[in-house]
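# The following comprises the amino acid sequence and a computationally predicted model.
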Amino acid sequence: MTALPMEIYFAVGLSILAIGLYILSVKRNILRIVLGIELMITGANMTFVIVSYWLTGGSVDPLIRSIIIVSMGLASIVAALSISFVILVYKVFGTRDIRKLRELKG
Amino acid sequence: MIMYADLLIWFIPIVAALLSPIIAHISRKGTHAISIIAVGLSWVMALSMIPDIIRGKAYYYPNNTVLGTIPFANRLVWIDLSNLIGAKLSFGILLDPFSVFMANVVAFVALWIFVFSVGYMAEEPDIGRYWFLMNLFVSSMLLLVLSSNLLQMFIAWEMVGLCSWALISFWYKSKAPSPDPRFKTEGEYNAHCGLKALITTSFADAFFLVAIALVGYATSLALGSPTFDFLELSQNFAWIDTLIRLGLLPIFSIMLLSGPLGKSAQFPYHEWLPEAMAGPTTVSALIHAATMVKAGAYFVGRFFVIVYMGIHVYHQSVPQEISLFFVIAAYVGAFTAFLAGTQGMVAKELKKILAYSTISQLGYIFAAFGIAGALISEEAFFAGSLHILAHAVFKALLFLCAGAVLHAVHTKYVHEMGGLKKYMPVTYWTMMIGGLSLSGVPPFAGFFSKDSIIHAALEYTATQIPFILLVVTAVITVFYTFRMIGLVFHGEESEHIKKLEEEGHHVHEAPLVMRIPLIVLAFTTIVVGFFFEPIISFLEGEFVEFSELPHLIIEYLYHAFVSILFLATIGIILVGFLPAYFIYIARKVDPQKLVEGNVLLRALYKFLINRWYINPIYYRIVDGIRSIANGVRKVQTGIANVNVLYMVLAFLTFLIFLILL
Amino acid sequence: MFDLIIEIGLIIGILASAVYVAEAKPISRAIGGFILFSVLVAILYLYLNCPYLAGSQIAIYTGAVAGLMLLGMSITKPEYPEEEGTNKVLLGFIIAGALIFVSFIVVYYSSPYAPGITSEVISEVLARAQIGFGELEKFLANYLWNYRGFDVIFQAVMVIAIAAGLSHFFKEEREARKR
């Protein structure tokens, strides 16, 4: 087990999720938003590892490790597709600011 | 019945509906063939259900496996939550004299309308979409009349509403100038008419859904588990007592009635049917004359059957308060018949006259079923059902004739036609037969059914208001029918027709494929009147020996013709016919001068031509709601960040809710 | 002692680089912060005895994702420097603080001293709801489920959809060729 109590690590994991969500809800630049999505996925993975380390008192369950490998693979796919969207949006609208893309305004 | 006929009757048209858009790209005649074969097979299946009712047990034809005794609901339990909340959701087909009767009416009329529309929609590019929607409509209408529980009937109810909307707005791409100043093109006007129908019926159906939920709630309190099945509702009336105990029965009756009133275009939901004439004429014939608008009347009849079977078969005691539902239906029906009849007297478009006539005749049917429920009498119920059959046949005939006329003349205004008698003899004679049947002239079918409804109204002795309104409406009906025939076929040709003839578009008779349904339906409306007695015994579920049939028919005719009411009917017809003859057929009196000369008539004319000023009130309500909606729309800003914040807010609310509970 | 320094350093580094990703004005610096973040997370995984995960983290995040970000940034570069920055930082901090607070509540409720909705209730509800079978329906259910009738139905739906799409496509081709 670690020197610091594990609740702090758990709170860190959830905080990374929170910061990712903050980026998603406040920032304008599309690239920063994609970074925020990646941050959130990393935060979720981190929380898995931390909780597994916590509950089994020192080692991480192999099942969790495999789940996280899959999750990381999916994260890379999400990033690839998002970047292609970013490039297309730039080609069509000419801007990197999502506050200018208001086609779905009610 | 033929093996699995209860499943195939609505399944075959759905398969045809799914195949139509694909095959429309390959071969046009293929789609026509598939649709007509599908609805023909549905008619055969519906016919094969008749021997079941006569013999009193439901069985499959080839191997004679008996399924049960009539009334029989062939149910499939879909979700069984008996252990959890004690409810079962099932999907079933009810084999009962009334539903098999309605299925036959629907399938028969649909078949001939499909044959007519092969000729009517011959130059239509979007024929795949047309056949898809028509087949889907036939399937859901058959599902509606054959369904065994309220929820399934409601699902089919909404599906017919959807097909009706899509078919009214069928020509939404048209770029012709719009007849209404609020819209730019005719396409937009058609789309608006479709939306008006959809929104009016959906508004009515919202109350209907609440009433259905109340049925579920009351049955769950009374019987321990909620049930929507018609047979189970009539077996035990404890749910009605529960509703009375909760004090909810008046509201429940009004809300339950709201659905049928909306679907059948009765007051106060009657404004969508005249606008719905913007769709193709075959659509108006099938949906807005013969079948969909009968769905509301079917439900009132079905509720009467529930009450009646509960009293006579399961020996329950029915509380008196349930008759509120039927009394309101009777009054609303009679009033609407009068309201629509007066509007039909001055209408300027051919199809609008027929639309008002439909609303008026449906008012008759509602009045009949209402009186049946108020007095718990079988004769009024039979009168209403027979009028459903007769009206479906002659109104479909009249709409198809109107379609033939519109196809030839290319205008929809009645004052631009005239003198078509020598160009279109077959159409003239079939329309005359339909008009005579509508007016209730003996010995056509309309006479027998309308006569029995007025006879039933006479027996309703609480007040005589329905009787008076129905009699006055009968006079008005004769008047506007012959006004319509006179303006279209008699007299001189109008300017429009003379211009058409000069340009070379000769006004010709309809092609053969359009003439055949007219002749078949005219023949049916002449003949079916004589078969009403066997149909009545069919509805009663009694078996009649074949040799007794002629004797029964002659007895029925004797009772119909030799009575005081018969003379009164002849009087009514003459009172309505003579003014129409002099003004419109013989053209001896000019209606314009007649109306202008008299102040009272001029005010009456203005009141009627503006549709009793009811329409502007509805539009003002709609505009008010639209401005509220425009305010609420500002929540959707289109900024992605704001949407993420809404998601976070929702998630937080959910989490707090979860923790606090 | 040494452990404590590494742990505190890791935690502060992770949080600080995440905040830097959020707040840095130029995008390139944000991506740099993200690279630092993923490396630190990989070191965290190494510290928690998962070397395979750490290698995977570096390969995928620092390698693929950050590279993709740089590619995206360089392709969509405008000619003029664009404005960056928000004026709603306070709102953002409040929301982030609320989320961290919520995460602490979740931590508290997941401890054995404060039980909430457990999975037992959910599984009990699911076990009681059954799909009912009847007479003829048993045959249908058997066919649909055991003999994979559902597959046949779905394949039929797929075939019909593909046929519809193809026929529409060929019709348009034919019309385009006619013109």
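Done, it's in. Numbers count the residues shown, from 1 in each chain, chains lettered A, B, ... in the order given.
# give me every residue that touches the closest residue to residue B:584 other than its chain neighbours.
Closest residue to residue B:584 apart from its sequence neighbours, by CB to CB, 6 or more residues apart in numbering or on different chains: residue B:486 at 2.9 Å. Every C-beta, even on glycine, is put in place using the N, C-alpha and C of the backbone. Residues counted as contacts of residue B:486 (CB atoms under 8 Å, 6 or more residues apart in numbering or on different chains) are B:580, B:581, B:583, B:584, B:585, B:587.
# Which helix or strand contains residue B:486?
Using DSSP states H and E, residue B:486 maps to helix B:465-489.
# Next, the buried residues of that helix.
For helix B:465-489, burial by neighbour count (16 or more other CB atoms under 10 Å in any protein chain shown) applies to B:466-467, B:469-489.
# The residue lying closest to residue C:3 once chain neighbours are set aside in helix, strand or coil?
What sits nearest to residue C:3 in space, not counting adjacent residues and going by CB to CB, 6+ apart, is residue A:3, at 4.5 Å. Here residue A:3 is recorded as coil under DSSP: H, G, I helix; E, B strand; the rest coil.
# Can you give me the neighbour number for residue A:3?
12 (other CB atoms under 10 Å in any protein chain shown).
# pLDDT score for it?
Residue A:3 carries a pLDDT value of 86.
# same deal with residue C:97?
So, for residue C:97, pLDDT stands at 67.
# Can you list phi and psi of the residue in chain B that chain C sits nearest to for me?
Closest contact between chain B and chain C, by CB to the nearest CB, is at residue B:80 (2.9 Å). Residue B:80 adopts backbone torsions of phi -110, psi 100, taken as degrees, to the nearest 10.
# re earlier: what's the distance between the helix holding residue B:486 and the middle of its chain?
20 Å (CA atoms, centre = their mean, to the nearest Å).
# Same question for stretch A:9-28.
8 Å.
# circling back: next up, the contacts around the residue nearest to residue C:3.
C:3, C:4, C:7.
# so of the residues you listed, which ones are in strands?
In strands, judged by DSSP state E, none of the contacts of residue A:3 are found.
# Show me how to select, in PyMOL, the buried members of these.
Only the buried entries of those go into this PyMOL selection, using 16+ other CB under 10 Å:
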select buried, chain C and resi 7
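# and of the contacts of residue A:3, the nearest to residue B:321?
residue C:7 (76.5 Å; CB to CB).
# got a list of what that closest one touches?
A:2, A:3, A:4, C:47.
# before we move on, back to that, quick one: which two of the contacts of residue B:486 are the most distant?
The most widely separated members of these are B:580 and B:587, with 11.4 Å between them, by CB to CB.
# in which helix or strand would I find the closest residue to residue B:451 other than its chain neighbours?
Closest residue to residue B:451 apart from its sequence neighbours, by CB to CB, 6+ apart: residue B:569 at 5.9 Å. Secondary structure assignment for residue B:569, by DSSP H and E: helix B:564-580.
# What is the distance between that helix and the centre of its chain?
27 Å.
# after it, next one along is what?
Counting by DSSP H and E, what follows helix B:564-580 is helix B:591-597.
# Can you name the element that comes right after that next one?
helix B:599-609.
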